[in-house]
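Q: predicted model and sequence below, questions to follow.
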Amino acid sequence: MNTPRVAIVGATGAVGVEILSCLETREFPLASLKLLASKRSAGKQVAFRGQMLTVEELTKDSFHDVDIALFAAGGDISREYAPIAGACGCVVIDNSSAFRQDDDVPLVVPEINAEAAFNHPRNIIANPNCTTIITLMALYPLHLRYGLKSIIASSYQAVSGSGQHGILELENQVRAITNGHPVEIATYPRQIAFNVLPQIDKFADNGYTKEEMKMFNETRKIMHSDVAVSATCVRVPVMRAHSESVWLETERPISIEEARKAFAEAEGVVLMDEPQDKVYPMPLFMAGKDPVYVGRIRKDLTCENGLSFWCVSDQIRKGAALNAVQIAEWLVRNGHLK
């Protein structure tokens with residue numbers, strides 16, 4: 001099947017809108033496109049390839065004429081509707097965390113483990129967490145050559161990772177502080193404007209947050225590895241694009257030159273590492289772009305096989321929408337649709 005019938009679930013949300021953009025800019029082959037959302041959003045008009053498409057209400061009968069459904073509406077919607085879509089013979093590519101750790105649901109980053117997408121007995125394929133995708137896009141080229149033993153990552157995550165509510169909260173708080181008004185807190189546990197919050201999601205019993213444990217569990221599942229992973233995830237007052245400081249220890253010795261070569265040759269990764277000229281990745285300039293940008297590469301001073309680097313990527317593009325569309329492209333290109 002070279003021209004599938006596609007649906008976007010959550011078509012009016014931030015990731016859904018970006019999925020639509022990816023389908024258009026990448027000229028994804030389509031027999032038809034159905035935009036699905038809540039009853040509140042039904043009837044809205046959305047431009048796509050020179051036409052106006054009408055958003056339809058998501059129901060249990062939405063998937064009988066769909067081959068691929070790209071879900072971007074949150075875990076509750078995915079848990080309710082993805083199995084229904086799968087039972088209709090539709091392949092679901094889900095952006096939520098609902099199925100990521102299920103043994104019979106592949107967790108896929110196409111540049112790393114695209115073949116895993118072929119084995120989807122429930123007709124559900126999971127998109128990893130945005131931070132996991134960005135980290136592994138940079139780490140995997142090193143793993144292939146030198147083997148990863150340990151990873152310590154600190155993420156600096158933009159407010160758009162919380163959706164439109166996060167963006168509005170930052171904007172409103174900055175405005176309130178500037179005008180001398182009280183700050184209102186709703187989306188985040190503490191003020192986000194002019195601050196950083198060392199908490200994303202709820203805390204688990206081990207002291208890590210759910211976001212941090214996603215990185216631990218998803219990294220090991222995708223890489224089929226027992227690599228040691230420790231993460232600290234921080235919300236920062238940046239609108240869009242996540243940044244990460246990564247330390248790693250390899251099984252075999254690695255030099256700066258070898259690491260730079262691995263990054264430069266990796267698909268979907270851009271080397272941006274000229275610190276003497278103030279050239280390094282920054283979220284302000286990476287927002288809206290597809291690659292993962294890597295810089296500040298340096299040998300660790302405490303560990304013989306240690307290496308540190310900094311990476312930035314748009315978490316709504318490669319961290320969500322683009323990765324999902326790439327999975328769909330892989331399925332179509334390799335004939336893995338019924």
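A: Done, it's in. Source: prediction; values computed, not measured. Residues are numbered from 1 along each chain as shown.
Q: which other helices and strands contact the lengthiest helix in the chain?
A: Longest helix in the chain, counting residues (DSSP state H): helix 130-146. Secondary-structure packing of helix 130-146 (3 or more Cβ pairs under 8 Å, 6 or more residues apart in numbering; DSSP states H and E): helix 110-113, strand 148-157, helix 210-223, strand 242-250, helix 256-265, strand 269-271, strand 292-299, strand 306-313. Backbone N, C-alpha and C define where each C-beta goes, glycine included.
Q: ranking these by burial, who's on top?
A: strand 306-313 (a mean of 24; mean count of other Cβ atoms under 10 Å).
Q: mind listing what's buried along the following helix or strand past it?
A: Using DSSP states H and E, the helix or strand that follows strand 306-313 in sequence is helix 322-333. Neighbour counts using 16 or more other Cβ atoms under 10 Å place 322-332 of helix 322-333 among the buried residues.
Q: likewise stretch 18-34?
A: 18-23, 28, 30, 33-34.
Q: kindly report the same for stretch 285-294.
A: For stretch 285-294, using 16+ other Cβ under 10 Å, the buried residues are 286-287, 290-294.
Q: now Ala117. Nearest residue, chain neighbours left out?
A: In space, and not counting its chain neighbours, Ala117 is closest to Val108: 4.8 Å by Cβ to Cβ, 6 or more residues apart in numbering.
Q: swap in His143?
A: Here the residue nearest His143, using Cβ to Cβ, 6+ apart, is Met223, at 6.7 Å.
Q: and if you look at Trp310?
A: Arg296 (3.9 Å).
Q: give the contact list for Gly13.
A: Taking Cβ atoms under 8 Å, 6 or more residues apart in numbering, we find Gly13 in contact with 37, 72-73, 163.
Q: most neighbours, which of those?
A: When neighbours are counted by other Cβ atoms under 10 Å, Ala72 leads these with 29 neighbours.
Q: shaky segments in the stretch 151-300 of the chain?
A: For the stretch 151-300 of the chain, not a single residue meets the criterion pLDDT under 70.
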